[in-house]
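Visitor: sequence and predicted structure, then a few things I'm wondering about:
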Amino acid sequence: RRQIIEKYGDKSLYEGGLSVRTSLDPQMQIFARKALQDGLITYDQRRGYRGPVAKISAAGDWGVELAKLNALSDVPEWKLAVVLAVSTSRVDIGLQPAKEAGGKVVAERETATIAADDMEWAYRSASGDRKTAKSPEGVLAPGDVVYVEKKEEGGYRLRQPPKVQGGLVAMAPHTGRVLAMVGGFSYAQSEFNRATQAMRQPGSSFKPFVYAAALDNGYTPASVIMDAPIEFVAGGQVWRPQNYG
């Protein structure tokens, strides 16, 4: 959408009847999204648990308050839940209830459990003191609102939106067509596209341009280059090429 507006303007986009085609492969897009999300979750969980996303009362009808909170709309595998009770072996949770067309919260309340083994990663705190819990009782408390994901074999595992972000682009090398692109963990969490909007250091991807320029100027794959430290002086400043730290 941003690219079309930049090229053709708002009026053409919304009123011009444009026909837009894409090279995205829907199945590969699903794989790319899962690969990036799994990688970000794994990296984030190694750094510990940062706490609940909100706090509400676990007494009475917790569903009404829980339904007011917005979950990540484009991560349907995750649900918001409120902690109802905690023991050394498990956590009892209430899942966010659905809403009817008019916005009224449905009457049904669904409960589930998180086994201690399915939240063991959270025993490590992401705060500066790095305290380590020994059971769910040291991590969660009644009223904590957290994200959970249903397991195939039943029960739920504790989740948290990753603090670290990333981007992924999959291209067809012979045509340059973009087959899949993911700009972050969740568009609902952040609309910034790290695949197209982030300003990155080119790194080693710039080497082919240097090599191509050398070949255009008489070098061959057999050419031997003196690989010794070198300095350039410009404007009274000395610059030494070195690896980026």
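Guide: Perfect, I can see it now. All values reported here derive from a predicted model rather than from experimental measurement.

Visitor: next, residue 214: phi, psi?
Guide: Phi and psi for residue 214, reported as degrees, to the nearest 10, are phi -60, psi -40.

Visitor: can you pull out the helices in the chain?
Guide: 2-8, 10-15, 26-45, 62-67, 207-216 (DSSP state H).

Visitor: what bridges to residue 168?
Guide: residue 182 (DSSP bridges).

Visitor: what about it, distance to residue 39?
Guide: Distance, residue 168 to residue 39, using CB to CB, to the nearest Å: 9 Å. Backbone N, C-alpha and C define where each C-beta goes, glycine included.

Visitor: on that earlier part again, tell me which of the helices of the chain sits nearest to residue 55.
Guide: Minimum separation from residue 55 across the helices of the chain (CB to CB) falls at helix 62-67, 9.9 Å.

Visitor: buried stuff in the closest one?
Guide: Burial within helix 62-67, assessed by neighbour count using 16 or more other CB atoms under 10 Å, is assigned to 62-63, 65-67.

Visitor: equivalent analysis for stretch 136-153, please.
Guide: 136, 139-140, 142-148.

Visitor: in CSV, list these along with pLDDT.
Guide: Below are these laid out as CSV (pLDDT from 0 to 100):
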residue, pLDDT
136, 96
139, 95
140, 96
142, 97
143, 97
144, 97
145, 98
146, 98
147, 98
148, 98
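
Visitor: that older thread, just put the buried residues of helix 62-67 in a markdown table and tack on distance to residue 228 and pLDDT.
Guide: Formatted as a markdown table, these follow (distance: CB to CB, whole Å; pLDDT from 0 to 100):
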| residue | distance to residue 228 | pLDDT |
| --- | --- | --- |
| 62 | 69 | 97 |
| 63 | 71 | 95 |
| 65 | 68 | 96 |
| 66 | 66 | 97 |
| 67 | 68 | 96 |
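
Visitor: sorry, back to before: make a markdown table from the helices of the chain and add distance to residue 110 to it.
Guide: A markdown table is the format used below for the helices of the chain (distance: least, CB to CB, whole Å):
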| stretch | distance to residue 110 |
| --- | --- |
| helix 2-8 | 39 |
| helix 10-15 | 40 |
| helix 26-45 | 24 |
| helix 62-67 | 9 |
| helix 207-216 | 55 |
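
Visitor: what's the closest of the buried residues of helix 62-67 to residue 80?
Guide: residue 66 (6.4 Å).

Visitor: residue 94 is in contact with that closest one, correct?
Guide: Yes: in terms of CB atoms under 8 Å, residue 66 counts as a neighbour of residue 94; the distance is 6.8 Å.

Visitor: shared neighbours of these two, which are they?
Guide: In terms of CB atoms under 8 Å, 6 or more residues apart in numbering, residue 66 and residue 94 are both contacted by the residues 81-82.
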